[in-house]
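In: Dropping the sequence and predicted coords here.
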2 protein chains.
Amino acid sequence: MANIREIAKLAGVSVATVSRVLNHYPYVKEEKRQAVWKAVEKLNYTKNINAVHLAKGKTSIIGVILPYVNHPYFSSIVDGISQEALRHGYHFLLFQTNYDVQKELEALEMLRVKQVDGLIICSRTISWEMLKLYQEDGPIILCEDAKSCEMSSVSIDHYEAFMLGMNYLIAKGHRKIGYCIGRTSGTNSERRDAAYRDALQNIDASPREEWIFDHCLEIADGARIVKALLSMEDKPTALLVASDQVAAGIVLWGQKNGLQVPENLAIVSFDNHPIAEALGITTVDLPLLSMGQKAFQLIHDCFIGKTTTNQNEQLPVRLIERFSV
Amino acid sequence: MANIREIAKLAGVSVATVSRVLNHYPYVKEEKRQAVWKAVEKLNYTKNINAVHLAKGKTSIIGVILPYVNHPYFSSIVDGISQEALRHGYHFLLFQTNYDVQKELEALEMLRVKQVDGLIICSRTISWEMLKLYQEDGPIILCEDAKSCEMSSVSIDHYEAFMLGMNYLIAKGHRKIGYCIGRTSGTNSERRDAAYRDALQNIDASPREEWIFDHCLEIADGARIVKALLSMEDKPTALLVASDQVAAGIVLWGQKNGLQVPENLAIVSFDNHPIAEALGITTVDLPLLSMGQKAFQLIHDCFIGKTTTNQNEQLPVRLIERFSV
DNA sequence: TTGTATGCGTTATCAC
DNA sequence: GTGATAACGCATACAA
């Protein structure tokens, strides 16, 4: 593979001039410019991008940390990041962690070793304290409210979203309300839980731990929820379901097992993915694509020095009324 | 940021020895090894991976080309690639092309400039001829049958899969059969179309172009299909649907509009994603996760020199009988 | 076992 | 405008 020196020799100029031509500098005599391009053509030359990375000390690659790529919630975010990165000539490495701290640490190491210029963390297990150790190695953007820990973030106001759902259910007369969630730990989940409890307190009702269902991620989990509900003596009359996928599962397995939505159980879910529309599920629209785009924009602002302070953006949500309540 | 030279100085050894320690070479005296690690610790040293890439001439990064990341079909494949890459200490860059040839070319360039060591192409628009120009730059694995163009591939036998579905429908007495597909071009789509026509020929039936629905990708497309079917005078009695997502859309929008599955329309779909089980849709299981894993394994075999010839693997499919026929 | 010297392919500085 | 040459940070062949 030809390198810049061979080009220089063939074109009869110095490597510096070749570099200038290749990088579209002004102030190169036209005839030399021509000669360089001719040599490039002739030797079928391409830059070795690793050399560029080394010389420049940056890669134009960002890292994206997420637990699962094969889930609509996260692949929507990735979609947004991807679109925006492409527009700015950036690439991204995907780190699928399955919420394993070891894997999260490995991804963070990529920032230290300069494999990536920055990091977007869609969801995490690792602690904020640990995270902050890597802040000096490059910009990190979190997809959760990180104002209190003094890191940059773009997030959905999950408290507001859950509150919206709760108040809607309450307005429709429900008092026995439970919820389904992917995991109970994590900033976003904790905010949702807080909204749940606050909303119940507002109507002098108390939360019921057995109405809170953990590990709800995909359609198949709906079967488990339905089964659990059916075997309960004192059932909730309504459920907030933190993923349209799970809500769909509940609706569909409910149909088969005599638990009708909304007759026997009201549901408000979250995301507003196509499946919710198809099933007529009332859902809170979460701007996941926008969040991905915004996350990249924030990190890019750091790269170009537009931003030096921590930014914390919140994206609005809205309830979409359909027929599951 | 400290570099290897500073470590060498502080530890009182040469850079070569530092490198040996860092890369776990044998034949380094224990006390020097200790000294090096102590210096590493003290200066909070990390390798600059770009320098490693430059010196080694490789990156341990592969590129993955796909049209959409936010679609279960593709994110399943990515999941497989991701899992397997991680096991072998590789990372991957995702190139979302939206089937845009320009973007596909940009991704291929990453192979030329040594940004990636190899490429997995999940789906493409670009021609085989163009693709072959990049073969000399590194291994390329296609997720489609590429035997005839002499490139490596791991694929699902979509001809067999479609034939399986067709014969099942035919055995159930259907003769008026159409199909839904993501796009009509592409190796995989062409193989499916061939199976469709061959199967009909076997029963002396002829294909009906108006029963072939293009651009079927996600749930929402089901609404369009249902509408089209309802306005047809001469309807098909059965449909092969190349994605569970679309099949789900047809079932759900059909319910709302008086087109019952299977009473008015039989459906066999493909993928065997959770939504198909939830809706009781008879589907052909496609091993997408395995395909992703296998794709990485093939490319890895090239890296370690285990394979020099083109490999063409086919993964088996199986029909899962449920209640949509 | 260890050190020296060189290569990897650019970019960037500085003198002319 | 242009060319030498020094970084960039590491791996490795070769010599000792």
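Out: Happy to help now that I have it.

In: State the number of residues packed around residue A:145.
Out: If you count neighbours by other CB atoms under 10 Å in any protein chain shown, residue A:145 ends up with 21. For glycine as for every other residue, the C-beta is placed from the backbone atoms N, C-alpha and C.

In: Kindly report the same for the one 10 residues further on.
Out: Applying other CB under 10 Å, we find 22 other residues in the vicinity of residue A:155.

In: Ok, residue A:128 next?
Out: There are 14 residues near residue A:128, going by other CB under 10 Å.

In: ok, it to residue B:200 distance?
Out: 61 Å (CB to CB, to the nearest Å).

In: so where do the helices sit in chain A?
Out: Along chain A, counting by DSSP state H, helices occupy A:4-11, A:15-22, A:30-43, A:49-56, A:72-87, A:101-112, A:128-132, A:158-171, A:187-202, A:221-230, A:244-257, A:274-279, A:288-303.

In: So for residue B:115, which of these sits nearest?
Out: Closest to residue B:115 of the helices of chain A, according to CB to CB: helix A:49-56, at 4.8 Å.

In: what mean pLDDT would you report for the closest one?
Out: Per-residue pLDDT over helix A:49-56 has a mean of 94.

In: could I get that helix in PDB with only the CA atoms?
Out: Only the C-alpha atoms of helix A:49-56 are listed here, as PDB (Å, rounded to 0.1, in the frame of the first residue of the first chain):
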ATOM      1  CA  ILE A  49      -6.500   6.700   9.000                       C
ATOM      2  CA  ASN A  50      -4.700   5.200  12.100                       C
ATOM      3  CA  ALA A  51      -1.700   7.400  11.300                       C
ATOM      4  CA  VAL A  52      -4.000  10.400  11.200                       C
ATOM      5  CA  HIS A  53      -5.600   9.400  14.500                       C
ATOM      6  CA  LEU A  54      -2.200   9.100  16.100                       C
ATOM      7  CA  ALA A  55      -0.900  12.400  14.700                       C
ATOM      8  CA  LYS A  56      -4.000  14.300  15.600                       C
END
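
In: and it with DNA strand D, contact?
Out: Yes. Applying CB under 7 Å from any atom of the strand, one finds helix A:49-56 in contact with DNA strand D at A:51, A:54-55.

In: which one of those has the most neighbours?
Out: Greatest neighbour count in the residues of helix A:49-56 next to DNA strand D, by other CB under 10 Å, goes to residue A:54: 20 neighbours.

In: now that one, nearest residue through space, not along the chain?
Out: Leaving out its chain neighbours, the residue that sits closest to residue A:54 by CB to CB, 6 or more residues apart in numbering or on different chains is residue B:50, at 4.5 Å.

In: And residue A:172, by the same measure?
Out: residue A:325 is the one closest to residue A:172 (CB to CB, 6+ apart), at 5.5 Å.

In: can I see the domain layout of chain A?
Out: Chain A breaks down by automatic domain parsing into domains covering A:4-47, A:59-156+A:288-317, A:158-285.

In: can you redo those domains as JSON lines with distance to residue B:320?
Out: Output for those, formatted as JSON lines (distance: least, CB to CB, whole Å):
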{"stretch": "domain A:4-47", "distance to residue B:320": "47"}
{"stretch": "domain A:59-156+A:288-317", "distance to residue B:320": "19"}
{"stretch": "domain A:158-285", "distance to residue B:320": "15"}
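
In: distance between the ends of stretch A:110-118?
Out: Counting by CA to CA, to the nearest Å, you get 9 Å between the two ends of stretch A:110-118.

In: Against residue A:158, how distant is residue A:167?
Out: In terms of CB to CB, residue A:167 sits 15 Å off from residue A:158.

In: same deal with residue A:93?
Out: Separation of residue A:93 from residue A:158 (CB to CB): 27 Å.

In: the more surrounded of these two?
Out: Neighbour count, other CB under 10 Å: between residue A:93 and residue A:158, residue A:158 has more, with 25 against 20.

In: which residues touch that one?
Out: Counting by CB atoms under 8 Å, 6 or more residues apart in numbering or on different chains, residue A:158 makes contact with A:188-189, A:191-192, A:195.

In: Would you reformat the residues you listed as JSON lines and include pLDDT, neighbour count and distance to chain B?
Out: Written out in JSON lines, the entries for the contacts of residue A:158 read as follows (pLDDT from 0 to 100; neighbours: other CB atoms under 10 Å in any protein chain shown; distance: CB to the nearest CB, whole Å):
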{"residue": "A:188", "pLDDT": "95", "neighbour count": "23", "distance to chain B": "20"}
{"residue": "A:189", "pLDDT": "97", "neighbour count": "18", "distance to chain B": "22"}
{"residue": "A:191", "pLDDT": "96", "neighbour count": "21", "distance to chain B": "25"}
{"residue": "A:192", "pLDDT": "97", "neighbour count": "24", "distance to chain B": "23"}
{"residue": "A:195", "pLDDT": "98", "neighbour count": "23", "distance to chain B": "27"}
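
In: Switch those over to JSON lines; also include distance to DNA strand D.
Out: Putting those into JSON lines (distance: CB to the nearest atom of the strand, whole Å) gives the following:
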{"residue": "A:188", "distance to DNA strand D": "37"}
{"residue": "A:189", "distance to DNA strand D": "39"}
{"residue": "A:191", "distance to DNA strand D": "41"}
{"residue": "A:192", "distance to DNA strand D": "43"}
{"residue": "A:195", "distance to DNA strand D": "47"}
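
In: So which bits of stretch A:279-288 are buried?
Out: A:279, A:281-288 (16 or more other CB atoms under 10 Å in any protein chain shown).

In: Please list all residues in contact with residue A:137.
Out: A:111-112.

In: so where is the stretch 201-325 of chain A shaky, pLDDT-wise?
Out: For the stretch 201-325 of chain A, not a single residue meets the criterion pLDDT under 70.

In: Against residue A:53, how distant is the residue of it found nearest DNA strand D?
Out: Going by CB to the nearest atom of the strand, DNA strand D is nearest to residue A:303 of the stretch 201-325 of chain A, at 18.1 Å. Computed as CB to CB, the residue A:303 to residue A:53 distance reads 14 Å.

In: neighbour count winner among these two?
Out: Taking other CB under 10 Å, residue A:303 and residue A:53 do not tie; residue A:53 has more neighbours (24 against 17).

In: what's near enough to touch that one?
Out: So residue A:53 contacts A:59, A:114, B:50, B:53-54 (CB under 8 Å, 6+ apart).

In: Among the residues you listed, which one sits closest to DNA strand C?
Out: Distances from DNA strand C to those, taken by CB to the nearest atom of the strand, are shortest for residue B:54, at 4.2 Å.

In: wouldn't the closest one be in contact with residue A:55 here?
Out: No. Using CB atoms under 8 Å, residue B:54 is not in contact with residue A:55; the gap is 9.1 Å.

In: Next to chain B, which bits of the stretch 101-250 of chain A? Give me the list.
Out: Those residues of the stretch 101-250 of chain A that sit near chain B, judged by CB under 8 Å from any CB of the partner chain, are A:103, A:109-110, A:112-115, A:218-220, A:222-223, A:245, A:248-249.

In: Can you tell me which of those residues is closest to DNA strand C?
Out: residue A:114 (13.5 Å).

In: Give me the neighbour count for that closest one.
Out: Neighbours around residue A:114, by other CB under 10 Å: 22.

In: What about the nearest residue to it once chain neighbours are set aside, how many residues nearby?
Out: Spatially, and ignoring its direct neighbours in sequence, residue A:114 is nearest to residue B:48 (5.4 Å; CB to CB, 6+ apart). When neighbours are counted by other CB under 10 Å, residue B:48 registers 19.

In: gap between residue B:48 and residue B:3?
Out: The value you get for residue B:48 to residue B:3, if CB to CB is used, is 7 Å.

In: just residue A:83 next, same as before
Out: The separation that residue A:83 has from residue B:3, given CB to CB, amounts to 37 Å.

In: can you check residue A:133 too?
Out: Where residue B:3 is concerned, residue A:133 sits at a distance of 21 Å (CB to CB).

In: Comparing these two, which residue is more hemmed in?
Out: Neighbours per residue (other CB under 10 Å) separate residue A:133 from residue B:3, with residue B:3 holding more: 15 against 10.
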